[in-house]
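Trainee: Below is the sequence, then the predicted model.
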Amino acid sequence: MKLVTLNAMKREKTGKETAKKMRKAGYIPAILYGKGAQPLPFGVRYPEFEKVYRRHHGETVIYTLNFENGENLMKQAILKEIQRDPVTDMFIHLDFQVIEEDKPIELKVPLEFVGKPVGITKGGVLEIHLHDIVVECLPVHIPDKITVDLSKLDVGQSLHVRDIKVPETIKIVSSPGETVATLVAEEEEIQASE
């Protein structure tokens with residue numbers, strides 16, 4: 001888990017026009033929400049967020065949002081959703097969720113695949129279906145990634161979410177029957193691509 005501080009600017013107004021003005025000024029409109037709290041609209045400087053996002057992409061990050069304008073306010077949050085422009089692929093909106101040290105939180109955690117499947121030597125082709133899973137845990141137990149061992153996977157076999165081992169402090173929320181990876185015969189792979 002990485003800890004990153006982002007400077008944030010509270011915004012008084014919301015709506016399309018305000019969001020456009022913010023983007024022109026070099027900010028990404030964002031919202032901070034959490035149980036029992038009013039949603040807090042704000043903005044982050046585009047270059048600052050982009051640099052952090054590129055550097056820690058694929059990792060679990062807890063953001064400390066440092067609100068500069070108004071009263072000095074700091075909130076810890078995780079990034080729940082990113083909206084991008086379909087044409088330019090630029091960030092156009094961010095959703096953050098407040099986290100509290102003593103309350104469990106649900107979030108996506110990336111999977112790291114290790115081990116060479118035993119069926120590869122028999123002509124099997126590995127297909128990865130999931131790159132992350134949803135877990136629930138206290139913020140202190142948030143893992144950077146969850147390691148998945150593929151070494152026992154043979155041709156025709158699949159690995160499911162229920163097969164993933166995690167510490168007792170972490171609860172997997174993703175559906176147990178979801179397929180994570182499959183080792184298919186090479187012929188099946190050729191037919192599927194035709």
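Mentor: Thanks, I have it.

Trainee: Stretch 146-157 - what's its average pLDDT?
Mentor: Summarised as a single mean, pLDDT over stretch 146-157 is 94.

Trainee: Could you list the alpha-carbon positions for the longest strand along the chain in PDB?
Mentor: Determined from DSSP state E, the single longest strand within the chain is strand 73-84. As requested, C-alpha coordinates have been extracted for strand 73-84 and formatted as PDB (Å, rounded to 0.1, in the frame of the first residue of the first chain):
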ATOM      1  CA  LEU A  73      -8.400  20.100   6.200                       C
ATOM      2  CA  MET A  74      -6.800  16.700   5.500                       C
ATOM      3  CA  LYS A  75      -8.800  13.600   4.600                       C
ATOM      4  CA  GLN A  76      -7.600  10.100   3.800                       C
ATOM      5  CA  ALA A  77      -9.300   8.400   0.900                       C
ATOM      6  CA  ILE A  78      -9.100   5.800  -1.800                       C
ATOM      7  CA  LEU A  79      -9.800   6.500  -5.500                       C
ATOM      8  CA  LYS A  80     -13.000   4.700  -6.400                       C
ATOM      9  CA  GLU A  81     -13.700   5.800 -10.000                       C
ATOM     10  CA  ILE A  82     -12.000   7.600 -12.800                       C
ATOM     11  CA  GLN A  83     -13.800   9.100 -15.800                       C
ATOM     12  CA  ARG A  84     -11.800   9.800 -18.900                       C
END
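
Trainee: Parallel or antiparallel, which strands does it pair with?
Mentor: Strand 73-84 has its sheet partners listed here by DSSP bridges as strand 61-67 (antiparallel), strand 91-98 (antiparallel).

Trainee: Contacts for the first one next, please.
Mentor: Under the contact criterion C-beta atoms under 8 Å, 6 or more residues apart in numbering, strand 61-67 has outside partners 1-10, 32, 42, 52, 73-79, 96, 99, 139, 142. Where you see a C-beta, it was placed from the backbone N, CA and C, and this is true even at glycine.
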